[in-house]
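>>> Structure, please.
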Amino acid sequence: MAEESVCAANRETVERMYLAFLVEKDIEHEDSIFNQFLIENFKGVCPTGGVISYEEGKVKCSMHEDESKGGEDKSPGEEVPWL
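Take a look at the predicted model:
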């Protein structure tokens, strides 16, 4: 559960930074652009080695379900820092 929370927090960070990157460069998303962005800026987004992708405006992990779909009970302020 902790690894999934770390992955979710890391994906949120990547998503925000990638969207800012697209706006700053005034470009549209392409898989090759996202993959290069990950290589240059992030390593180990998922602590269990899941494959990170960008689909439908969201950063996703092949190992972990998007937490917003899962309905897990999470206390307010229970955020996991980047590891």
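>>> Would you mind listing the outside residues contacting stretch 34-43?
10, 14, 17-18, 21, 45, 52-54 (Cβ atoms under 8 Å, 6 or more residues apart in numbering). No exception for glycine: its C-beta is placed from N, CA and C like everyone else's.
>>> Need these in TSV (columns: pLDDT and neighbour count).
Shown next, in TSV, are the contacts of stretch 34-43 (pLDDT from 0 to 100; neighbours: other Cβ atoms under 10 Å):
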residue	pLDDT	neighbour count
Asn10	96	22
Val14	97	20
Met17	97	14
Tyr18	97	19
Phe21	97	16
Val45	95	20
Ile52	96	20
Ser53	96	14
Tyr54	95	21
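>>> from those, which ones fall inside helices?
Cross-referencing these against helices under DSSP state H gives 10, 14, 17-18, 21.
>>> Distance-wise, check Gly57 relative to Gly44.
Between Gly57 and Gly44 the distance is 23 Å, computed by Cβ to Cβ, to the nearest Å.
>>> Which one's more surrounded, the two?
Gly44 (13 against 8; other Cβ atoms under 10 Å).
>>> Cool, thanks, signing off.
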